[in-house]
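Novice: Pasting the sequence and the predicted model now:
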Amino acid sequence: MTKVVAVNAVGGPEALSIEDWPVGAPGPGQVRLRQTAIGLNFVDTYQRSGLYPLPLPFVGGNEAAGEVVAVGEGVTEVKVGDRVCYQGTPGAYAQERLAPAAKLVPIPDGVDERVAAAILLKGLTAFYLLFKTWPVQAGQTILWHAAAGGTGLIATQWARALGAMVIGTAGGPEKVQKALDHGCHHVIDYKVEDFPARVKEITGGRGVDVVYDGVGKSTFDGSLDCLRPRGLLASFGNASGVVSIPDLGVLARKGSLYVTRPTGTHYFMQREDLLTGAAALFGAVQAGDIKVDIGRTYPLVEVADAHRALEARETTGSVVLIP
């Protein structure tokens, strides 16, 4: 048996239940992991609430790091004793678990397991957005919402290293300073400033080439107003609610704009793509282009408190759960 955090019925943080579940031996293509650090992400809250439905009951979480303690038939990707991490694989809120070997990423020497758990999902999100969805070029100008969040702190540093002019938004003086310290050239406090007006002021009326928006409903319309003609809005999250566009004509009126709703599922369907993205991420960390910020850690049994803090936007940087 192992300690897990289960969801038996969708709902608020109170739906997270600490339980003992059997683990069993790994089957073909699987490994058994002893987990040492678990990353907290907004997608965890979407699954818990039912916004992103999963068959009930399920174990929460999607990202973790640990050690391989057993391998099943046919596993060639990893071996017993390897330090590995993964993302996008539900069932992470556990002391031990079975996981598909093809989804595991080796942790490079010198990288702490807490760091790996803190950055893989967020860092791979930053990778596909910055390198695939809109390949950022030196001299371009980007806007990143929630720049002091876990994904934001990674992405804005990376974008700056690529030579972009980076504008961020954040809520409150502490988060504004955090974002300035982690890559942003300009940070707009959305609580007291009109962010589209400030973006136009910063860019001399031109607007930005691309907006990366993980906030969703509350920022969507303003994000469109920040774009230059034929710019792209990459809407990759729903922290404030789900976005809908009842009138596509708004994209024409605001400058023949593009909008996309990407997810990592479709960018990392092949293992070679996963390993390429992870190598770029860990390489950027080891080169010093990305400094990892773990804002808080919680014992796994306090995961409900961690969910409440994340949803209330009380966190900065990455949050890590310790089994």
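Specialist: Right, received. Where do you want to start?
Novice: Okay, helices next: where are they in this structure?
Specialist: Ranges of helices in the chain, per DSSP state H, are 42-49, 113-128, 150-161, 173-180, 195-202, 220-226, 249-253, 264-267, 271-286, 303-311.
Novice: possible to save those helices as a markdown table with mean neighbour count and mean pLDDT?
Specialist: C-beta coordinates here come from the backbone N, C-alpha and C atoms, glycine included. Listed next are the helices of the chain as a markdown table, based on neighbours: other CB atoms under 10 Å; pLDDT from 0 to 100:
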| stretch | mean neighbour count | mean pLDDT |
| --- | --- | --- |
| helix 42-49 | 22 | 96 |
| helix 113-128 | 26 | 97 |
| helix 150-161 | 26 | 96 |
| helix 173-180 | 19 | 96 |
| helix 195-202 | 18 | 98 |
| helix 220-226 | 21 | 96 |
| helix 249-253 | 12 | 96 |
| helix 264-267 | 14 | 95 |
| helix 271-286 | 18 | 97 |
| helix 303-311 | 19 | 97 |
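Novice: how about these, which one is nearest residue 186?
Specialist: Closest to residue 186 of the helices of the chain is helix 195-202 (CB to CB; 5.3 Å).
Novice: From the chain's centroid, how far away is the closest one?
Specialist: For helix 195-202, the separation from the chain centroid amounts to 26 Å (computed by CA atoms, centre = their mean, to the nearest Å).
Novice: list the helices and strands it packs on?
Specialist: strand 165-170, strand 186-189, helix 220-226 (3 or more CB pairs under 8 Å, 6 or more residues apart in numbering; DSSP states H and E).
Novice: thinking again about what came up before, would you list the helices of the chain in a markdown table and tack on distance to residue 233?
Specialist: Below are the helices of the chain laid out as a markdown table (distance: least, CB to CB, whole Å):
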| stretch | distance to residue 233 |
| --- | --- |
| helix 42-49 | 18 |
| helix 113-128 | 16 |
| helix 150-161 | 15 |
| helix 173-180 | 20 |
| helix 195-202 | 12 |
| helix 220-226 | 5 |
| helix 249-253 | 9 |
| helix 264-267 | 18 |
| helix 271-286 | 22 |
| helix 303-311 | 23 |
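Novice: Nearest to residue 94 among the ones you listed would be which one?
Specialist: helix 303-311 (11.1 Å).
Novice: List the contacts of residue 96.
Specialist: 2, 23, 32-35, 69 (CB atoms under 8 Å, 6 or more residues apart in numbering).
Novice: no wait, residue 202
Specialist: 167, 186.
Novice: could you measure it against residue 142, distance?
Specialist: Note on residue 202: its distance to residue 142, by CB to CB, to the nearest Å, is 12 Å.
Novice: and what of residue 44?
Specialist: For residue 44, the distance to residue 142 - CB to CB - is 26 Å.
Novice: before we move on, the earlier item: so which of the helices of the chain is nearest residue 292?
Specialist: helix 113-128 (5.0 Å).
Novice: With only the CA atoms kept, save that closest one in PDB.
Specialist: C-alpha atoms of helix 113-128 as PDB (Å, rounded to 0.1, in the frame of the first residue of the first chain):
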ATOM      1  CA  GLU A 113      14.800  16.100  -7.800                       C
ATOM      2  CA  ARG A 114      12.800  19.000  -6.300                       C
ATOM      3  CA  VAL A 115      14.000  21.200  -9.100                       C
ATOM      4  CA  ALA A 116      13.100  18.600 -11.700                       C
ATOM      5  CA  ALA A 117       9.600  18.200 -10.200                       C
ATOM      6  CA  ALA A 118       9.200  22.000 -10.000                       C
ATOM      7  CA  ILE A 119      10.000  22.800 -13.600                       C
ATOM      8  CA  LEU A 120       9.300  19.900 -16.000                       C
ATOM      9  CA  LEU A 121       5.600  20.500 -16.800                       C
ATOM     10  CA  LYS A 122       6.000  24.300 -16.500                       C
ATOM     11  CA  GLY A 123       9.300  24.300 -18.400                       C
ATOM     12  CA  LEU A 124       8.000  22.100 -21.200                       C
ATOM     13  CA  THR A 125       5.000  24.400 -21.500                       C
ATOM     14  CA  ALA A 126       7.300  27.300 -21.900                       C
ATOM     15  CA  PHE A 127       9.400  25.300 -24.400                       C
ATOM     16  CA  TYR A 128       6.500  24.600 -26.800                       C
END
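Novice: Mind giving me the packing neighbours of that helix?
Specialist: strand 30-40, strand 63-71, strand 83-87, helix 150-161, helix 264-267, helix 271-286, strand 294-299, strand 318-322.
Novice: Any chance of TSV for those, columns distance to residue 305?
Specialist: What follows is these, written out as TSV (distance: least, CB to CB, whole Å):
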stretch	distance to residue 305
strand 30-40	11
strand 63-71	18
strand 83-87	23
helix 150-161	17
helix 264-267	26
helix 271-286	28
strand 294-299	6
strand 318-322	10
